[in-house]
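Student: with the sequence up front, the predicted model follows.
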Protein chains: 2
Amino acid sequence: MGLAIKAHRLPLQIMGYDLRREVMEEAHARGVIDAPCPTLEACAEADLILLATPPRAIYDCLLQLAPRLKPDTILTDVASVKAPVLAWAQELLPYPEQFIGGHPIAGTEQSGLQAARADLFEDAPWVLTPTVQTNPDALQQVEALVQSLGAIPTRLNAEQHDREFALLSFLPHCIAFSLIALQQEHPTQLPGGRSWRDATRVAASDPELWTELLILNRQNTLEYLNALTHRLRELAELLAQADAEQIRAFLRVGSVRYTPRG
Amino acid sequence: MGLAIKAHRLPLQIMGYDLRREVMEEAHARGVIDAPCPTLEACAEADLILLATPPRAIYDCLLQLAPRLKPDTILTDVASVKAPVLAWAQELLPYPEQFIGGHPIAGTEQSGLQAARADLFEDAPWVLTPTVQTNPDALQQVEALVQSLGAIPTRLNAEQHDREFALLSFLPHCIAFSLIALQQEHPTQLPGGRSWRDATRVAASDPELWTELLILNRQNTLEYLNALTHRLRELAELLAQADAEQIRAFLRVGSVRYTPRG
């Protein structure tokens, strides 16, 4: 986000804080931030605070920042789960109306400074999850910032966000980790083609981060895991019967984007 | 393959046959083939016959070509299942030692002439499945052709090929069709990010073709479908218990390519 702010020449001064001093220094050296922040507490001085950490660390940050926050400081985050983060903001912050939950639908299986790209958010939806309590001015400022980075701000209820992303992202991650585990058990001599590489790419995501995310969004993820295994078992039964007509019908339901051969 | 042969300036004359005359004519107009072949039977005159059809049509082609084949004509195919195709060659051909089963690990969810690309096979593994009976000269000629198109010929037993691709390709296809079906049942307001697009890309594959393929490789596919649902159920149980330690262990087994954050 620092790189994107610089690339779009936004007139903002960026102070960065990371638990590891060397990461802050490298970010500074690469121009991702204008200066390191000496302590997490010192970040409370900012006009806008962006929490870009794994979700559990958001809790810790909110806890430490809370006593020092000014009433008009805006806070936002980029975690892939939203309802639990909003609950923490509600629980911990003196001015929870200033917290805007956020989730840019961008990024890859990589993480850390070496994966940073100034154009990461170009044309990407950036979900914001205001509540009835949210300060509309704070929301508009975050929307304006997101938009000026090239992203498309999209408002959505936090619960709906978490339900939709259990299907759209958590399930593909569960599948990718499971496929790689299957291949570990049944090693292949051949490499996979593109369908394999695409289905397993996100198995290179951080298992620590995904353990946190899955537990925080476990009810929705469980429902979709169950719905998926139900469907896969249904397909297995049709295959066991070699029922071509029913298999074709099954695949057709799942192939909305199919365009006939030309 | 016609485009690739032309791009590599191989001194071959390419006759093309398709059930639909307009496809042959467009292929001719685009320089993919040198001339249309008047009938399927007339293709039997060729020195090398490449069958690039859905698998069931390979059976029909072999049946019609068989009575007209010369002893030294080489035949090969590009189907994603190999053991059934080899069995048909054995059953139908007068000189089955001239049939080399083939499977280029290339291609996308698209099909037909409009998806043709001269560089499709560049650096792609091209599996060939000789048997004890195969004529070594015929095998070498197909290997040389494949290599001159930029692909990497790889010999593998047909049964092992079918077992490995049940995991590497059939399973990702079953998953993609199932995910799109799930989304049909639970429509989302948000579009998916890259993990969703990658996991569902091949759901745009032809359901007719995949019905054939799944049935022809159903025993292997069934085994992997069952192994996958078993793993997904195991993950669901860990999630239901919110067992962070076991979830982390599950994800770590499936994340061989993980490199720590820097």
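Tutor: Alright, I've got the coordinates.

Student: number of residues surrounding the residue nearest to A:T188 when sequence neighbours are not counted?
Tutor: Distances taken as C-beta to C-beta, 6 or more residues apart in numbering or on different chains place B:E164 nearest to A:T188, at 4.3 Å, with adjacent residues excluded. C-beta: built from backbone N, CA, C; applies to glycine. Residues contacting B:E164 under the criterion other C-beta atoms under 10 Å in any protein chain shown number 22.

Student: surely B:E164 touches A:L190?
Tutor: Yes - in this structure, B:E164 is within contact of A:L190 by C-beta atoms under 8 Å, at 5.3 Å.

Student: joint contacts of the two?
Tutor: Common neighbours of B:E164 and A:L190, counting by C-beta atoms under 8 Å, 6 or more residues apart in numbering or on different chains, are B:L156.

Student: per-residue confidence at A:A106?
Tutor: According to the per-residue confidence, A:A106 scores 89 in pLDDT.

Student: quick one: buried residues of stretch A:118-137?
Tutor: A:118, A:120-121, A:124-131, A:134-135 (16 or more other C-beta atoms under 10 Å in any protein chain shown).

Student: give me the below-cutoff pLDDT ranges for chain A.
Tutor: Within chain A, the segments meeting pLDDT under 70 span A:256-262.

Student: 50 instead, please
Tutor: A:258-262 (pLDDT under 50).

Student: let me see the domain layout of it.
Tutor: A:2-156, A:161-253 (automatic domain parsing).

Student: just say which of those domains is most tucked in.
Tutor: Among the domains of chain A, ranked by average contacts under mean count of other C-beta atoms under 10 Å in any protein chain shown, first place goes to domain A:161-253 (a mean of 20).

Student: how long is that domain from one end to the other?
Tutor: End-to-end distance of domain A:161-253 (C-alpha to C-alpha, to the nearest Å): 25 Å.

Student: just stretch A:163-173 next, same as before
Tutor: Stretch A:163-173 has its terminal residues 15 Å apart, counting by C-alpha to C-alpha.

Student: can you give me how far it is from the chain middle?
Tutor: 11 Å (C-alpha atoms, centre = their mean, to the nearest Å).

Student: cool, stretch A:212-224 as well?
Tutor: Worked out by C-alpha atoms, centre = their mean, stretch A:212-224 lies 14 Å from the chain centre.

Student: do that stretch and chain B meet?
Tutor: Yes - applying C-beta under 8 Å from any C-beta of the partner chain, one finds stretch A:212-224 touching chain B at A:212, A:214-215, A:218, A:221-222, A:224.

Student: ok, and what's touching the helix or strand where A:E22 lies?
Tutor: Secondary structure assigned from DSSP states H and E places A:E22 in helix A:21-29. Contacts with helix A:21-29, where a contact means C-beta under 8 Å, 6+ apart, come from A:2, A:16-18, A:33-37, A:112-113.

Student: following it, which helix or strand comes up?
Tutor: strand A:35-36.

Student: partners of that next one in the sheet?
Tutor: Strand pairing for strand A:35-36, determined by DSSP bridges: strand A:15-16 (parallel).

Student: circling back: nearest to B:A52, of the domains of chain A?
Tutor: domain A:161-253 (16.5 Å; C-beta to C-beta).

Student: beta partners of A:P125?
Tutor: Using DSSP bridges, the beta-bridge partners of A:P125 come out as A:I152.

Student: OK, contacts around it?
Tutor: By C-beta under 8 Å, 6+ apart, the residues touching A:P125 are A:104-105, A:151-152, A:154, B:190-191.

Student: which one of those is nearest A:H8?
Tutor: Nearest member of the contacts of A:P125 to A:H8, counting by C-beta to C-beta, is A:A151, at 10.7 Å.

Student: perfect, I'm done here.
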